[in-house]
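Undergrad: Below are the sequence and a predicted model; questions follow.
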Amino acid sequence: MNILEQIIRDKRAEVALRKAVVPTGQLEACRLMERNPRSLVASLGQRPSGIIAEHKRRSPSRAVINQGCSVETVVKGYERGGAAAISVLTDGKYFGGSLDDLLLARASTELPLLRKEFIINPYQVLEARAYGADAILLIAAVLDPGQIRELCGEAHALGMEVLLEVHDREELERSLEGGADLIGVNNRNLKTFEVSLDTSRELISLIPAEVGRVSESGLGHPAQLRELQQLGYQGFLMGESFMKQPDPGAALAEFVKTLEP
Ligand SMILES: O=C(O)c1ccccc1NCC(=O)[C@H](O)[C@H](O)COP(=O)(O)O
């Protein structure tokens, strides 16, 4: 069983438990359901860096990245440093995150928030909304086209946008009808953890112009972003290169300065 299969197996059990503990009606009554979500697509156009900066404590590929910084410090630093949006990993077992992290992030910024999760059930979409997310991530590798359509529909009905992550041509082609607002090309092969920007280079021409284009993972050099921008990417999901620094917000600010013409 590869890591993605393990995560999804655990996620099924976790979601069943969460649903039993916090019924849908309780989520629907949350205070944050009254808030109007902000557009991630629009923010990528307005904030010149295009960086979706990620809060990520640890990962299966790197173990511990940063356990010391508070969510508030990281998120406020990212906003000050010029991020266009913030991604918050909410998986606990493999990434050390939680829904409380999302709530703390929501209290710390007005930037659009992406719930970075392994979403397999509409309940998790409602959870994302109730805890303050503006957008959700869906991973094509673990969903069939019908599930993608259903989860995108659920997110849109709740006023959120969808970033759909793909790793290869087959995943992209079978997912395009799903209705995602953005396509994220993941440079990290989640089965081998190998990172290659060739994935972003090869898939860009297959993404329709009306869909937002995001390159994800393994980014850490300004020259990479410049190249990807020229290829047509508007967004860049970056976690580890900032989170591995003692002050992730300051690291992002330095990085953004190097992007300025
Ligand atoms: O990061 C991992 O090791 C990983 C393993 C299995 C599934 C997902 C994984 N990462 C999620 C992500 O997509 C990244 O956190 C995100 O794209 C940022 O990547 P990076 O800038 O390389 O931290």
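TA: Okay, I see it.
Undergrad: C-alpha only now, for contacts and for neighbours.
TA: Will do.
Undergrad: And the longest helix along the chain, what does it pack against?
TA: The longest helix of the chain (DSSP state H) is helix 3-21. Secondary-structure packing of helix 3-21 (3 or more CA pairs under 8 Å, 6 or more residues apart in numbering; DSSP states H and E): helix 122-130.
Undergrad: what does the stretch 1-150 of the chain have sitting close to the ligand?
TA: Within reach of the ligand by CA under 6 Å from any ligand atom, the stretch 1-150 of the chain has these residues: 4, 59-61.
Undergrad: okay, who's weakest in the residues you listed by pLDDT?
TA: Lowest pLDDT of those: Ser61, 83.
Undergrad: now that residue, nearest residue through space, not along the chain?
TA: Computed as CA to CA, 6 or more residues apart in numbering, the closest residue to Ser61 that is not its neighbour in sequence is Phe193, at 6.3 Å.
Undergrad: quick one, phi/psi of the one you found?
TA: phi 70, psi 0 (degrees, to the nearest 10).
Undergrad: Pick out the least confidently modelled helix or strand of the protein, by mean pLDDT.
TA: strand 63-64 (a mean of 88; mean pLDDT, DSSP states H and E).
Undergrad: Give me the buried entries from the residues of the stretch 1-150 of the chain next to the ligand.
TA: Neighbour-count burial (16 or more other CA atoms under 10 Å) applied to those gives Ser59.
Undergrad: picking that back up, which helices and strands sit right next to the next helix or strand after the longest helix of the chain?
TA: Of the helices and strands lying after helix 3-21 in sequence (DSSP states H and E), the nearest is helix 24-28. Applying 3+ CA pairs under 8 Å, 6+ apart, one finds that helix 24-28 contacts helix 122-130.
Undergrad: hmm, who's touching the next helix or strand after the helix it packs on?
TA: Note on helix 122-130: by DSSP H and E, the next helix or strand toward the C-terminus is strand 135-139. The contact list for strand 135-139, computed with CA atoms under 8 Å, 6 or more residues apart in numbering, reads 39-40, 112-119, 125, 128, 148, 155, 160-166.
Undergrad: Off-centre distance for strand 135-139?
TA: Relative to its parent chain, strand 135-139 has a centroid offset of 6 Å by CA atoms, centre = their mean, to the nearest Å.
Undergrad: residue ranges for the helices of the protein, please.
TA: Using DSSP H, helices in the chain cover 3-21, 24-28, 40-46, 71-81, 99-108, 122-130, 145-157, 169-175, 198-203, 222-231, 240-243, 248-259.
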